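Asker: Next comes the sequence, and after it the predicted model I'd like to discuss.
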Amino acid sequence: MSSLATPAPSAAARWLAFALLSVGMFGNYYVYDSIGPVAELLGKQLGFTDQNIGTLNAIYSLPNIVMVLAGGILADRWGPRNAFVVFTAICVLGAVLTAVSGDFTTMAAGRLLFGIGAESMSVALSAALGRWFGASTLGLALGLNVSFGRLGSFVADRSPTFAKPLYDQGWQPPLWLAAAIMAAGLVAGLVYWLMERDAARKGQLGAPPPAERLVPADVVRFDRSYWYIAGLCVLFYSAILPFRSTFAIKYYQHAHGLSLEAASTLNSHVFLAAIFATPAFGWLVDRIGRRALLMTVGSLLLPLSFWLLGAGTGSTVLTGSTVLLGIAFSLVPGVLWPSVARLVEPHRLGTAYGMMFLVQNVGLTIVNYYVGWLNDRSNASATNSGGYLPMLWFFGVMSLLALGFAVALRLRETGPHGHGLERGA
């Protein structure tokens, strides 16, 4: 038996793999957010109602209640590189189908197909990064990858400026641009497929885990610390994303008297900050550990933010609440996702991420619908800004529940059944 160990991939190879995967993540987020900038054009040129336009985004989440778990299982069964290419190709097909016709049914089918591929692609991508980056650097890699996704959303929001000639031609050319960007992600994915295959042949990524027969009970048979993180995930994202992505701009306009431009700019700062802060927090947690403690701190900021919005007025309150939301939204994901890799066996990592995406999508679907109903029931409007208080109370309660899961995780991880989440590199 040879005593020579197979060298691990070089730093340059790891970061090249990261860059190739991140092109796909950028395209994923860009396509998702490509509907908003053309919404007015869809109404004027195709006669779409707001309900039609809302459905084009809402239908994205529908398959992901099931598909993200299936995608995680398939990533474990097929291998991350195969799953990533397959799901990215589905994303491209969905983006093309959305752009090819002005028929609402065809566009909705395209968005549904895109949804089937998009979240599962993210799961496969997370599992792929786990093969290249060790525990000491995975937090930074996942944090940077999330930043590439946020950058895709930011660029999509800015596309009416840099791609103005396309928008001047109507609703269709901007959607073809989105499809082209997603196609670039597929090309990068194919290059990554070749790169990982070569590294695997050289033994640089370790031997692939043997294929195992799927036992249904194994889908939910994870450690208690994993379920604390899963609970924190669904509550945290259900408190932030429905507010930030669905109701915040309207709330800022009605309750604080901001113009649409000012409200949109204020709201964009949360994602703009996350582009830089999330990988910074990922790097920090790789160095110092204290993962459960940092998740607790991040969760504590959420109820404070919603309390500020409900209790105060003026620009200072809005700025303060946005800062707290931005820190929380950057801190928790930068710590939460890489922590899973310390709790789950490598051959079950895709399934673990898939289960977390599943419960997250269930939460987002229910909360978006419920908060919309709550605002209508409370007659929330520009003439009745107090009607938004039940919404803020609801998000505040969910934030406190998320904090409870973070505290439970901290207690378990500092006890005899911990998994080293509080340790650094």
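Answerer: On my side now, so go ahead.

Asker: Ramachandran coordinates for the residue nearest to residue 42 when sequence neighbours are not counted?
Answerer: Closest residue in space to residue 42, ignoring its immediate chain neighbours: residue 48 at 4.3 Å, by Cβ to Cβ, 6 or more residues apart in numbering. C-betas here are computed from N, CA, C, even on glycine. Per-residue torsions, residue 48: phi -70, psi 140 (degrees, to the nearest 10).

Asker: And for residue 48, the neighbour number?
Answerer: 22 (other Cβ atoms under 10 Å).

Asker: Which helix or strand in this structure has the lowest average pLDDT?
Answerer: Sorted by mean pLDDT, DSSP states H and E, the helices and strands of the chain end with helix 50-61, the least confident at a mean of 71.

Asker: which stretches of the stretch 251-400 of the chain form helices?
Answerer: 260-288, 291-311, 315-340, 349-377, 389-413 (DSSP state H, counting those that start in this stretch).

Asker: Could you check the pLDDT of residue 264?
Answerer: In the predicted model, residue 264 carries a pLDDT score of 65.

Asker: Residue 357: neighbour count?
Answerer: 24.

Asker: looking at it, it is touching residue 63, isn't it?
Answerer: No: look at residue 357 against residue 63 with Cβ atoms under 8 Å: they stay out of range, at 11.7 Å.

Asker: who touches the residue nearest in space to the middle of the chain in this structure?
Answerer: The geometric centre of the chain, computed from its C-alpha atoms, lies nearest to residue 146 (Cα atoms, centre = their mean), at 7.1 Å. Contacts for residue 146 (Cβ atoms under 8 Å, 6 or more residues apart in numbering) come out as 274, 278-279, 333-334, 337.

Asker: Switch those residues over to TSV; also include pLDDT and neighbour count.
Answerer: Compiled in TSV, those are given as follows (pLDDT from 0 to 100; neighbours: other Cβ atoms under 10 Å):
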residue	pLDDT	neighbour count
274	72	28
278	73	28
279	74	22
333	65	26
334	70	31
337	72	23
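
Asker: and which of the residues you listed is nearest residue 84?
Answerer: residue 337 (16.5 Å; Cβ to Cβ).

Asker: Identify the residues contacting the closest residue to that closest one other than its chain neighbours.
Answerer: Nearest non-adjacent residue to residue 337, counting by Cβ to Cβ, 6+ apart: residue 142, 4.9 Å away. Going by Cβ under 8 Å, 6+ apart, residue 142 touches 126, 129, 282, 334, 337-338.

Asker: quick one: pLDDT of the residue nearest to residue 42?
Answerer: So, for residue 48, pLDDT stands at 78.

Asker: separation between it and residue 304?
Answerer: 39 Å (Cβ to Cβ, to the nearest Å).

Asker: Over to residue 244?
Answerer: Applying Cβ to Cβ to residue 244 and residue 304 gives a distance of 16 Å.

Asker: Then residue 82?
Answerer: Counting by Cβ to Cβ - residue 82 and residue 304 are separated by 44 Å.

Asker: Just give me how far stretch 161-181 sits from the chain centre.
Answerer: 24 Å (Cα atoms, centre = their mean, to the nearest Å).

Asker: Just the mean pLDDT for that stretch, thanks.
Answerer: 91.

Asker: Tell me how far residue 340 lies from residue 134.
Answerer: 15 Å.

Asker: Comparing these two, which residue is more hemmed in?
Answerer: The residue with more neighbours, out of residue 340 and residue 134, is residue 340; 23 against 13, by other Cβ under 10 Å.

Asker: these two touch, right, residue 176 and residue 99?
Answerer: Yes: using Cβ under 8 Å, residue 176 is in contact with residue 99, at 4.8 Å.

Asker: Compare those two and say which is more crowded by neighbours.
Answerer: With neighbours defined as other Cβ under 10 Å, residue 176 and residue 99 compare such that residue 99 has more, 23 against 15.

Asker: so who does the more buried one touch?
Answerer: 110, 172, 175-176, 178-179.

Asker: helix, strand or coil for residue 178?
Answerer: helix (DSSP: H, G, I helix; E, B strand; the rest coil).

Asker: switch to numbering from 835
Answerer: Yes, from this point I'll number from 835; that puts the last item at residue 1012.

Asker: show me the contacts for it.
Answerer: Residue 1012 touches 864-865, 868, 929, 932-933, 990, counting by Cβ under 8 Å, 6+ apart.
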